[in-house]
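Enquirer: Provide a 3D model corresponding to the input given below.
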Amino acid sequence: MPDYLLEHINNPVDLRKLDEVKLPQLAQELRDFIINIVATKEGHLGASLGVVELTIALHYVFNTPEDLLVWDVGHQAYGHKILTERRTIFHTNRQLGGISGFPKRSESIYDTFGVGHSSTSISAALGMAIASNLKGDFEKQHIAVIGDASIASGMAFEGLNHAGVTDANLLVILNDNAIGIDPSVGALKKYLTSVKEGKNPKQNNMIRSLNFDYSGPIDGNDLFAVIKELKRLQKIKGPKFLHLITTKGKGLQQAEENQVKYHAPGKFDATTGEIIPKSEENLPPKYQDVFGLTILDLAKKNEKIVGITPAMPSGSSLKFMMDAFPKRAFDVGIAEQHAVTLSAGMATQGMIVYCNIYSTFLQRAYDQIIHDVALQNLPVIFCLDRAGLVGEDGATHHGVFDLAYLRCIPNMIIYAPLNEIDLQNILYTAQLGLNHPIVIRYPRGRGVTNDWQRLHLGKYEKIEIGKAKLLNSGSKTAVLSTGAIGNNVTLALARTKSPENFAHYDFPFVKPLDEKELHTIFNQFENIITVEDGVIKGGFGSAILEFAATHSYNTTKINILGIPDVFIEQGSIDELQQYCKISVDSLEIIFSSY
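Expert: Numbers count the residues shown, from 1 in each chain. From the prediction side, this is the model:
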């Protein structure tokens, strides 16, 4: 049995001491290490398994960290982290107080750029390359590794377009496995497929036409072939492009055969690869499934309804509608800006458009929200999944900014359902004709109603726009919550010694606010507590403060609870809610002090 290599590799300097013939053994050990850790700790699996050979080759050939390596998104960077001084702490990946699931500049000198959202690597690496030229360092290498789904994004094309007219020492590596989280889509995917199959003549290469030195496609899981080509490209100046073909999930049969499920499979048996099932019997539904099943039901009854998602059909559950009505439900790829303006264009022609985007990703389309939708007052229905704290994906993925960045936009309606019944009812109400754009934000995870689909799906009630609800009467303090975090408030109030002292109001509409109800509240209570799962700065509580200032309610004491003015790192949702003082336990303590 050969000596175990990985335990002696603490950094790329150690790696580069190995004979090249030993690297395939290291690749197998690295692959096994990732599988064994992710099997019990969970995380992103398939993407990292697919680039084990590339990861080793990059750190073996290039002089990292002096040569600058940028990973796109970071789903595929587990091997990189393990080889760059984090092997012994990799078991803390994505956990509270542990290392991030994505490259992060403050974590390691080998993480040259923080990446959680896609398609930034080319622009970032180009910026680094131009800076090196300006400083007179013409030998430094700058490498961007980007996937075939990410390179279809507009920002990636902007980076390629600029790089092609520079003398920057930039190497773009296309990790082409024909899949992102879901299968890649669009004309570029078809083009890349034709290149792989040899159907595109060399002179008709779109990358070469952008002034890149193009090579490939080559087998990205052939370690020696990748090393040989990287060594050749290392000597070539200017913009270069290497097209690699890899297999997502490489080395674990189930991950290769079911790449969507094994992107982030949860816990699984490291030996057999079988996912350990979680019992979902008698559990409330996932919010994403409430959206997906409701829009499917509505679409059956209204042929004007269309659905749009940027590359998240499974994660958003729009896939239910895509399977049933493939001509009316669209995955547009990693293209949030396009998704929003496409929705606007459809809305001008009378279509009822449900545009489903994760809250954190809608940030990428902010100008389109303002200029293409709200300014023209087009009734696009934005469905923001993963609003609030999302857990282990950490700072890049928490959907905590949406209330603050959307509340300031004219014409916008903003709604946060307390539970899944409210979610289905607002989805129903939105297609009745609001004459304004609306944002419906709901969290990751499950609702509160068991057997929702049998008991409630299809049984709709129209919601009155801008109306708050009194959930619990009380005499001394009013607690105002918005969205599903209100369920934490309900549980916390039930634990207090004097629940009769607290009135609890649900304000699902952050815009427009129920000002009539607010006047009643301010005239009745001396103390008001607001609770939200978004940032305190500019969010729901700020809206209540603005109302108080506008109407000169100067004697009322207002306490705003929500996400503090820091970036929240990774951890379980319960742990992060505890940190932000909006968990049930934290709220109970706060309420007990009144």
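
Enquirer: the strands in the stretch 451-594 of the chain, which residues?
Expert: Along the stretch 451-594 of the chain, the stretches classed as strands by DSSP state E, counting those that start in this stretch are 469-472, 477-481, 502-506, 509-511, 527-535, 557-563.

Enquirer: for the stretch 101-250 of the chain, same thing?
Expert: With DSSP E, counting those that start in this stretch as the definition, the stretch 101-250 of the chain shows strands at residue ranges 142-147, 170-176, 213-219, 240-245.

Enquirer: where does Val306 fall, helix, sheet strand or coil?
Expert: Local secondary structure at Val306 is given as strand here, using DSSP: H, G, I helix; E, B strand; the rest coil.

Enquirer: how much space between it and Ile438?
Expert: 16 Å (CB to CB, to the nearest Å). C-beta: built from backbone N, CA, C; applies to glycine.

Enquirer: on that earlier part again, between the strands of the stretch 101-250 of the chain, which one is closest to Asp385.
Expert: Distances from Asp385 to each of the strands of the stretch 101-250 of the chain were compared using CB to CB; the minimum, 21.7 Å, belongs to strand 142-147.

Enquirer: Buried ones in the closest one, by neighbour count?
Expert: Buried residues in strand 142-147, counted by 16 or more other CB atoms under 10 Å: 142-147.

Enquirer: tell me what that strand is packed against?
Expert: Here strand 142-147 touches helix 52-61, strand 68-71, helix 121-134, strand 170-176, going by 3 or more CB pairs under 8 Å, 6 or more residues apart in numbering; DSSP states H and E.

Enquirer: Now the longest one: average pLDDT?
Expert: By that I understand helix 121-134. Averaging the model's pLDDT scores along helix 121-134 yields 96.

Enquirer: how about the CA coordinates for stretch 356-364, as CSV?
Expert: Once side chains and other backbone atoms are set aside, the C-alpha atoms of stretch 356-364 remain, and they are given as CSV (Å, rounded to 0.1, in the frame of the first residue of the first chain):
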residue,chain,number,x,y,z
ASN,A,356,-38.9,33.8,-9.2
ILE,A,357,-35.5,34.8,-8.0
TYR,A,358,-33.7,34.1,-4.7
SER,A,359,-33.6,37.3,-2.6
THR,A,360,-29.8,37.4,-2.6
PHE,A,361,-29.7,37.1,-6.4
LEU,A,362,-32.2,39.8,-7.1
GLN,A,363,-29.6,42.3,-5.9
ARG,A,364,-27.9,41.6,-9.3
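
Enquirer: Show residues contacting it.
Expert: For stretch 356-364, the surrounding residues in contact (CB atoms under 8 Å, 6 or more residues apart in numbering) are 117, 291, 307-310, 312, 315-316, 318, 336-337, 339-340, 365, 369, 382-388, 390, 396-402, 405, 441.

Enquirer: what does stretch 275-282 give?
Expert: Contact with stretch 275-282 is made by 254, 261, 265-269, 450-451, as judged by CB under 8 Å, 6+ apart.

Enquirer: thinking again about what came up before, which among the strands of the stretch 451-594 of the chain is found nearest to Ala324?
Expert: Between Ala324 and the strands of the stretch 451-594 of the chain, the shortest gap by CB to CB is with strand 509-511, which sits at 30.9 Å.

Enquirer: strands paired with that closest one, and their directions?
Expert: Within its sheet, strand 509-511 is paired with strand 413-415 (antiparallel), according to DSSP bridges.

Enquirer: if we can go back for a sec, of the contacts of stretch 356-364, which belong to strands?
Expert: 307-309, 382-387, 441 (DSSP state E).

Enquirer: Are any of the contacts of stretch 275-282 buried, and if so which?
Expert: With neighbours counted using 16+ other CB under 10 Å, the contacts of stretch 275-282 contain these buried positions: 254, 261, 265, 268.

Enquirer: Mind telling me the two of those residues farthest from one another?
Expert: The largest distance within the buried ones among the contacts of stretch 275-282, taken as CB to CB, falls between Lys261 and Phe268 and amounts to 9.9 Å.
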